[in-house]
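Visitor: Give me a model of this one.
(2 chains)
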Amino acid sequence: MMPATQSGTGNREPGTGNALVHADGVSKWYGQVSGLNNVTVSIPPGVTGLLGPNGAGKSTFMKLMTGQLKPSQGTIRVLGEPIWGNPEVFARIGFCPEQDAFYDRMTGLEWVTALVRLNGLNDAEADAAAKRAIDRVDLMEAANKKIGAYSKGMRQRIKLAQALVHDPELLILDEPLTGMDPIMRRKTIRLIKDWARAGKHIIVSSHILHEIESMTSNILLINNGRIVAEGNVHQIRDLIDTHPHTVYVRGANPRALARQFLTEDDVLSMKFEDDAVVVETARPDSFYARLTELAASGEAGQIDEVQSPDDNLQAVFKYLVKQ
Amino acid sequence: MPIHDQGYQRYLGTRSAIGRSWQVMTRAGVMSVITKRVFIGMMLWAWAPFVVRAVQIYVSEAFAQASFLAAKGETFREFLDQQGLFVFFVTIYVGAGLIANDRRANAMQLYLSKPMTSAEYIAGKLAILCIFLTGVTFLPAMMLLLTQAILAGNLTFIRNNIYLVPAITLYSAALVLLASTTMLALSSMSKSSRFVAVMYAGLFFFTLALFNALRGITGTSAFAWLAPTAALQQLGDVIFRLQPRYQLSPALAALAVIVLIAGSIVILMRRVRGVEIVT
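Guide: This is a model prediction of the structure:
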């Protein structure tokens, strides 16, 4: 895990190598408002999650990647080529926007067919490709219904269908799981993983960390228009382990537990909560090892529950993006 | 039982060359309009003057007493002037929603994430309007010229008035381009096609009213450049070798038309983008 420097450049090699997307000093201003601030980053092949709270700059970054926005400063290359004003690269990309972008009076099939024609397919091929894509997102039974009658989840799926209908190398999905029910969400996550296994590269954004975590371990954290950190979940945890780590331990005798914890210098602070003690440790590895021994020996009574809010990605994210 | 591959099948067919997306856009737009009954009625109505003129030519050719109805050079100028009414209605009916509806449906961000530039998008939309407007200006005017030759049984009239071919072409082109670009520019500025229609009608009538008011006050028609329709009429008179109706230099009239077309294209290039930027 590599936290980005304030300028967003980090200390990585700037060469594009086999990067899917390479941004070099990219900034985007909307008038006096900064959407993206001096971002230099290389996104590797595979599935990459773009994480950040609402308004962090995820959509701006995605629109820069899809060539819909021109960087105010810097350059951005996608699949090895400059993306701005380069429609040949657009043909190799599938984009699923966050916002709805439909004509409600059209059926799902008509809409996907109309869009894939823009990729140069003739009528018969466009129709066949649209049906395949709609089938792939499990929406065939509603293909001939008007989009106006679609639920939010169905709308998301038909947007996914138009993104993959022309068989792109790179899929850029902006909050694709928004509005889906849990079953559809699981199906869609499985679909995204299948596409990745089939050789497609995917950049997917979300502000919900467990969604991304279920799709990939490779993430980019973005906040206030800057890349805060990049890497995989394990690297994130390594990084977080060098910083205070909170552990919640619930047991039969919290005071006895606290006494045992204070015998070593790996504990920074403690506080009591009902039947539990909440410990802040600077060395989680040694603390967990001690805790395991303590539970096995029973010296401090029975230990019923151990939780670490820092063990989930949400806490990592909160830590990394805190001001 | 055969087991089918349930996985995603890669597309192995051919794709059109990049740069032809505007044709897809135009085709889709044309197809969506020509199936509407209101539009079909409007087009039939727009061709009624052609039928009337054709009958006049027939009568003038068939009956010597009706020779006063015979086609002259001015006939075609008057005919195109009359068609201005239909140009107005077709422009509003077809053009008001061309970009406004895409903006309302948020569709532009998807269109422009496909292999299509904003210039192609504009060209595609412009072509829709140009096709229909040509269908109520250039096409009936040229058909009328042809009808005259057929009914007369010779090419004498055309030979004597050969300037009519380029005149009809040039004037129709100016009329169609001015109406199309202006309407598209307005359509790119709103998400409501109704509002666009009102804006276009407002622009049409307000500029004409302003020109007429200034004409009434100053006693000169030199301000015709203020009203696009008046400037175009002045240009039309020159193109058809007629006495110009206003006290306005033809060059200034042409400049007014060119500036309006160019201004509309600039607006379109600025407004047509995948992401709407509000600053």
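Visitor: Residues in contact with stretch B:168-182: which ones?
Guide: By CB atoms under 8 Å, 6 or more residues apart in numbering or on different chains, the surrounding residues in contact with stretch B:168-182 are B:76-77, B:80, B:84, B:87-88, B:91, B:95, B:126, B:129-130, B:133-134, B:137-138, B:141-142, B:145, B:200, B:203, B:228, B:232, B:235-236, B:239-240, B:257, B:260-261, B:264-265, B:268. (C-beta placed from N, C-alpha, C; glycine too.)
Visitor: Narrow the residues you listed to those that are buried.
Guide: B:76-77, B:80, B:84, B:87, B:91, B:95, B:126, B:129-130, B:133-134, B:137-138, B:141-142, B:145, B:200, B:203, B:228, B:232, B:235-236, B:239-240, B:257, B:260-261, B:264-265, B:268 (16 or more other CB atoms under 10 Å in any protein chain shown).
Visitor: Show me the shaky parts of the chain.
Guide: Just going to use chain A. A:1-17, A:182, A:233-234, A:236-243, A:308-323 (pLDDT under 70).
Visitor: that's the wrong chain, I meant chain B
Guide: B:1-19, B:274-279.
Visitor: again, only using 80
Guide: Across chain B, residues meeting the criterion (pLDDT under 80) sit at B:1-20, B:274-279.
Visitor: Walking through it, point out its strands one by one.
Guide: Per DSSP state E, chain B has no strands. Nothing in it meets that criterion.
Visitor: now the most centrally placed residue in it: how far from chain A?
Guide: Of all residues in chain B, the one closest to the mean position by CA atoms, centre = their mean is B:Val176, 2.8 Å from it. With distances taken as CB to the nearest CB, to the nearest Å, B:Val176 is found 25 Å from chain A.
Visitor: do the same with B:Gln65
Guide: From B:Gln65 across to chain A, the span is 56 Å (CB to the nearest CB).
Visitor: Near that residue, how many other residues are there?
Guide: By other CB atoms under 10 Å in any protein chain shown, the residues close to B:Gln65 number 8.
Visitor: What separation is there between it and B:Val59?
Guide: 9 Å (CB to CB, to the nearest Å).
Visitor: anything in contact with each of the two?
Guide: Common neighbours of B:Gln65 and B:Val59 (CB under 8 Å, 6+ apart) do not exist.
Visitor: one step back: show me which of the contacts of stretch B:168-182 neighbour chain A.
Guide: Checking those against chain A by CB under 8 Å from any CB of the partner chain, not one of them is in range.
Visitor: Select from those every entry located in helices.
Guide: Judged by DSSP state H, helices contain the following of those: B:76-77, B:80, B:84, B:87-88, B:126, B:129-130, B:133-134, B:138, B:141-142, B:145, B:200, B:203, B:228, B:232, B:235-236, B:239, B:257, B:260-261, B:264-265, B:268.
Visitor: Nearest to chain B: which residue in chain A?
Guide: Among the residues of chain A, A:Gly31 lies closest to chain B, at 2.8 Å counting by CB to the nearest CB.
Visitor: what are the phi and psi values for that residue?
Guide: Main-chain dihedrals, A:Gly31, degrees, to the nearest 10: phi 60, psi -120.
Visitor: Neighbours of it, how many?
Guide: Close neighbours of A:Gly31, defined as other CB under 10 Å, add up to 8.
Visitor: got it, and A:Asn119?
Guide: 25.
Visitor: Identify each of the helices in chain A and give its residue range.
Guide: Under DSSP H, chain A gives helices at A:58-65, A:87-90, A:108-117, A:123-136, A:152-164, A:182-197, A:209-215, A:233-241, A:254-261, A:284-297, A:313-321.
Visitor: Break chain A into its domains for me.
Guide: Recorded structural domains for chain A (assignment: automatic domain parsing) are A:2-230, A:243-321.
Visitor: Of all the ones you listed, which one comes closest to B:Ala185?
Guide: Nearest to B:Ala185, of all the domains of chain A, is domain A:2-230, at 21.0 Å by CB to CB.
Visitor: And the closest one, how far out from the chain middle?
Guide: Centroid displacement of domain A:2-230 relative to its chain, using CA atoms, centre = their mean, to the nearest Å, is 11 Å.
Visitor: swap in stretch B:65-78?
Guide: On the basis of CA atoms, centre = their mean, stretch B:65-78 is displaced by 25 Å from the centre of the chain it belongs to.
Visitor: Go through it and flag the buried ones.
Guide: Going by 16+ other CB under 10 Å, stretch B:65-78 has these buried residues: B:69, B:71, B:73, B:75-77.
Visitor: First-to-last residue distance for it?
Guide: 22 Å (CA to CA, to the nearest Å).
Visitor: A:Gly251 is in contact with A:Asp274, isn't it?
Guide: No. With contacts counted by CB atoms under 8 Å, A:Gly251 stays clear of A:Asp274, the gap being 11.2 Å.
Visitor: More neighbours: those two, which one.
Guide: Neighbour tally, A:Gly251 and A:Asp274, criterion other CB under 10 Å: the higher count belongs to A:Gly251, 20 against 7.
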